[in-house]
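S.K.: Okay, predicted coordinates and the sequence, questions at the end:
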Amino acid sequence: MSSEHPSAIKNFLAGGFGGMCQVAAGHPLDTLKVRIQTQPSENPFYRSTWDCVKKTAAKEGWHGFYKGMATPMFVVIPTFAVYFWGYGIGKKLQLSSPDQQLTLLQTFNAGMVAGMSSAGIAVPAERIKCILQIQTSGGAAQYSGPVDVARKVFRQSGIQGLYKGTCATLLRGVMFSCAPTLEGS
């Protein structure tokens, strides 16, 4: 087996581990972003990113930066596995032989297939994560964790509630997945 064509298991493990590292490193910044983006424009609670860091740490401790992380950490392995699978399918659909190199357009198309493939897992996970991130520790918590969020959102809005924001998440996923075309593949 050539090193240019890693096995599905290697892709799965590498994607899963890389995704877990991405979540662990990026989640605190994502929490800050979500809190700043979802605050009211009139009388905002946070004046800046640094103000959000200080207030979150003071009110919730460092744990506050990791709220909602269980959901993306739990789904990152299957999401990346489906992503890599989708990319492989996208490539296979366009190539006449395994040794053929992808053109720029074919790489773009394979990336689109990958992004669309993983959206079914990523969208509800992203929704649950965001709901937990904006729940601060002041007062009674509305949700006790990811499963509670999923249950309550589903009870209130049905499956549509879990897939709220699908279009934006899908566009982001497809555009991110097409990034290899920018490198000239």
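M.R.: Right, received. Where do you want to start? Since the model is a prediction, treat every value here as computed from it, not as a measurement.

S.K.: so how far is T169 from Q156?
M.R.: For Q156, the distance to T169 (C-beta to C-beta, to the nearest Å) stands at 20 Å. Using the backbone N, CA and C atoms, a C-beta is placed for each residue, glycine as well.

S.K.: Those two - which one has more neighbours?
M.R.: The neighbour comparison of Q156 against T169 (other C-beta atoms under 10 Å) goes to T169, with 20 against 8.

S.K.: list the contacts for that one?
M.R.: With contact taken as C-beta atoms under 8 Å, 6 or more residues apart in numbering, T169 is in contact with 119, 122-123, 126.

S.K.: For whichever strand or helix holds it, give the mean pLDDT please.
M.R.: Remark: T169 resides in helix 166-177, with elements defined by DSSP states H and E. For helix 166-177, mean pLDDT rounds to 76.

S.K.: same thing with stretch 147-163?
M.R.: Summarised as a single mean, pLDDT over stretch 147-163 is 95.

S.K.: What are the buried residues along it?
M.R.: Under the neighbour-count criterion of 16 or more other C-beta atoms under 10 Å, stretch 147-163 has 149-150, 153, 162-163 buried.

S.K.: In PDB, list the C-alpha atoms belonging to it.
M.R.: Taking C-alpha atoms only, stretch 147-163 is exported to PDB below (Å, rounded to 0.1, in the frame of the first residue of the first chain):
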ATOM      1  CA  VAL A 147     -28.800  15.000  26.300                       C
ATOM      2  CA  ASP A 148     -31.100  17.300  28.300                       C
ATOM      3  CA  VAL A 149     -30.700  20.000  25.600                       C
ATOM      4  CA  ALA A 150     -31.500  17.500  22.800                       C
ATOM      5  CA  ARG A 151     -34.500  16.200  24.600                       C
ATOM      6  CA  LYS A 152     -36.000  19.600  25.500                       C
ATOM      7  CA  VAL A 153     -35.300  21.100  22.000                       C
ATOM      8  CA  PHE A 154     -36.800  18.000  20.300                       C
ATOM      9  CA  ARG A 155     -39.900  18.200  22.700                       C
ATOM     10  CA  GLN A 156     -40.400  21.900  22.000                       C
ATOM     11  CA  SER A 157     -39.600  22.100  18.200                       C
ATOM     12  CA  GLY A 158     -39.200  18.600  16.900                       C
ATOM     13  CA  ILE A 159     -36.300  17.500  14.700                       C
ATOM     14  CA  GLN A 160     -36.300  20.900  13.000                       C
ATOM     15  CA  GLY A 161     -35.200  22.400  16.300                       C
ATOM     16  CA  LEU A 162     -32.100  20.300  16.400                       C
ATOM     17  CA  TYR A 163     -31.300  21.200  12.800                       C
END
